[in-house]
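In: Give the three-dimensional model of this entry:
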Amino acid sequence: IRGAEWLKVRAPSPASVAAPALIAALAVAWPLPELAATRHSLSFPDSRHLARRWVSSNVTLNDPIGLELYGPVFRDNERAMIIWPFFATQSQLARPAYHAEFLDGLKYYVASGEISRQFDAVAAGYPVEAGYYRWLRDHAPVVWQSDPKTTSGPRIDVRRLPRDISTRVERDSIFAAA
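Out: Numbering: from 1, shown residues only. You can find the predicted model right below:
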């Protein structure tokens, strides 16, 4: 409004005011559909809260679970859990952690789709990480999954891990190779 008043005082004709007004109107209107879609998706319940609620209701406190970053949050000592893999950015620094063998002993795995999606997008650059998530998809069935149509936040999968994934010798050999 102040810009239009400024232009009225200084502009020689109404035509010279129309072009800047049209540009201003387009600048405001252009992002409105995306803003409306974002506001709509944020009105849904957060997938991390729903995953936490499902885990709390369906997984006993002593069943050990692995949680990915960007997934649900549990307080210390609330349940048997570990953040795994513990480092998602610059994963090459913690590459040995991206081996399914280290999931041995865990009963469930709570995965955030944002992490696996990033590695799958550039699988050639992150072969170990992409292989880790491929192994999870192939060997750990989904027991609960957030619905992106009715939730906001990252897609969360709760997977049941198979028993006896590896032996101690197999796990030790990964670190020896690394």
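In: Secondary structure class of Gly3, three-state.
Out: Recorded secondary structure, Gly3: helix (DSSP: H, G, I helix; E, B strand; the rest coil).
In: For Ser152, see how far away it is.
Out: 35 Å (CB to CB, to the nearest Å). Yep, even glycine has a C-beta here, placed from its N, CA and C like the rest.
In: of the two, who's got more company?
Out: Neighbours around Gly3 and Ser152, counted as other CB atoms under 10 Å, are more numerous at Ser152. The numbers are 17 against 11.
In: which regions of this protein sit below the pLDDT cut-off?
Out: For the chain, the stretches with pLDDT under 70 are 7, 11-17, 87-89.
In: How about Arg155, nearest residue that isn't a chain neighbour?
Out: Gly113 (3.4 Å; CB to CB, 6 or more residues apart in numbering).
In: quick one: contacts for the one you found?
Out: Listed by CB atoms under 8 Å, 6 or more residues apart in numbering, the contact set of Gly113 reads 154-157.
In: hmm, 7 Å instead?
Out: 154-155, 157 (CB atoms under 7 Å, 6 or more residues apart in numbering).
In: Quick check: chain neighbours aside, which residue is closest to the residue nearest the centre of the chain?
Out: Nearest residue to the geometric centre of the chain (CA atoms, centre = their mean): Glu114, 3.1 Å. Sequence neighbours aside, Pro154 is the residue nearest to Glu114 in space, at 4.4 Å (criterion: CB to CB, 6+ apart).
In: hang on, isn't the one you found packed against Glu68?
Out: No. Look at Pro154 against Glu68 with CB atoms under 7 Å: they stay out of range, at 9.2 Å.
In: so who does Ala100 touch?
Out: So Ala100 contacts 132, 135, 165 (CB under 7 Å, 6+ apart).
In: In which helix or strand does Trp144 reside?
Out: For Trp144, the element it lies in under DSSP states H and E is strand 142-145.
In: Excluding sequence neighbours, find me the nearest residue to Asp157.
Out: Spatial nearest neighbour of Asp157, excluding adjacent residues (CB to CB, 6+ apart): Ala111 at 4.7 Å.
In: again but with Ala123, I slipped
Out: Ala123 sits nearest to Ala130 (CB to CB, 6+ apart), 3.8 Å away.
In: Count the residues that sit near that neighbour.
Out: 19.
In: can you check Pro31 too?
Out: Residues near Pro31, counting by other CB under 10 Å, number 10.
In: Check Pro162 too.
Out: Around Pro162 there are 13 residues (other CB under 10 Å).
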